[in-house]
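Enquirer: sequence and predicted structure are below.
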Amino acid sequence: MTMWVFGYGSLLWNPGFNVASRVLARLDGYARSFCMHSIHHRGTEEAPGLVLALDEVEGAECRGVAFAVAEGEEEQTLAYLRERELISSAYIEKVLELDLDDGRRVEALVYVIDPAHVQYCGGMPLEEQAQIIAHAVGGRGPNAEYLFNTTDHLAELGLPDGDLEWLTDRVRFILS
């Protein structure tokens, strides 16, 4: 049985594991947003950045990519993803149903935000998000780089995200 992983943020441009195939997909009931303070990868405890997470919202949907993990690499991939995504326990690991653009429905590993976690910051105004993203830097580099890479890859996939596009334009302006 194929192991699937849903990518909606940095996994789109940096999965970090061997991918057998990728298919555009939709996850119902969740919205992609900058609703998680980043204190490791794109910010610090003193100056947190923001990273994308999936916030459970009735009636919402998130478009992204379903990655099929290369056969025989499931355990290795799971260990890698847990080390990467569960660094501060702000994400919850779930197995959820995805609707693939090719008509299939699969169960996939998905990392969603824990709204009770101290790093949760859902509902922040876009201007405040832009100011944070423009200035934050963490262990994996500038927060702005994370935003730009994600927005660019969503556009390449034909999956525009209005909020991310607005943030990209605003952060570029702030940085200019």
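Expert: Done, it's in. Residues are numbered from 1 along each chain as shown.
Enquirer: for the rest of this, base every contact and every neighbour count on C-alpha atoms.
Expert: Noted.
Enquirer: can you pull the buried residues of the strand or helix carrying residue 55?
Expert: Using DSSP states H and E, residue 55 sits within strand 49-69. By 16 or more other C-alpha atoms under 10 Å, the buried positions in strand 49-69 come out as 49-56, 61-69.
Enquirer: which SSE is immediately downstream of it?
Expert: Remark: after strand 49-69, the chain's next helix or strand is helix 74-85, criterion DSSP H and E.
Enquirer: can you tell me the average pLDDT over that next one?
Expert: With pLDDT averaged residue by residue, helix 74-85 scores 94.
Enquirer: ok, now stretch 104-123?
Expert: 96.
Enquirer: may I see the buried residues of it?
Expert: Result for stretch 104-123 [16+ other C-alpha under 10 Å]: buried residues 106-115, 119-121.
Enquirer: same check, this time on stretch 159-167
Expert: Within stretch 159-167, the residues that count as buried by 16+ other C-alpha under 10 Å are 159, 161, 164, 165, 167.
Enquirer: of those, which belong to helices?
Expert: 164, 165, 167 (DSSP state H).
Enquirer: ok, and the closest non-adjacent residue to the first one?
Expert: Distance criterion C-alpha to C-alpha, 6 or more residues apart in numbering; nearest residue to residue 164, sequence neighbours excluded, is residue 151 at 6.1 Å.
Enquirer: what is the burial count for the one you found?
Expert: Using other C-alpha atoms under 10 Å, residue 151 is surrounded by 25 other residues.
Enquirer: which SSE is it in?
Expert: Residue 151 belongs to helix 143-156, assigned by DSSP H and E.
Enquirer: one step back: strand partners (parallel or antiparallel) of the strand holding residue 55?
Expert: Strands that pair with strand 49-69, judged by DSSP bridges, come out as strand 4-7 (antiparallel), strand 19-38 (antiparallel).
Enquirer: for the ones you listed, which one ends up most surrounded?
Expert: strand 4-7 (a mean of 26; mean count of other C-alpha atoms under 10 Å).
Enquirer: how about the CA coordinates for it, as CSV?
Expert: Provided in CSV are the C-alpha atoms of strand 4-7 (Å, rounded to 0.1, in the frame of the first residue of the first chain):
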residue,chain,number,x,y,z
TRP,A,4,1.0,9.4,0.8
VAL,A,5,2.1,12.7,2.3
PHE,A,6,0.2,16.0,1.7
GLY,A,7,2.3,19.1,1.0
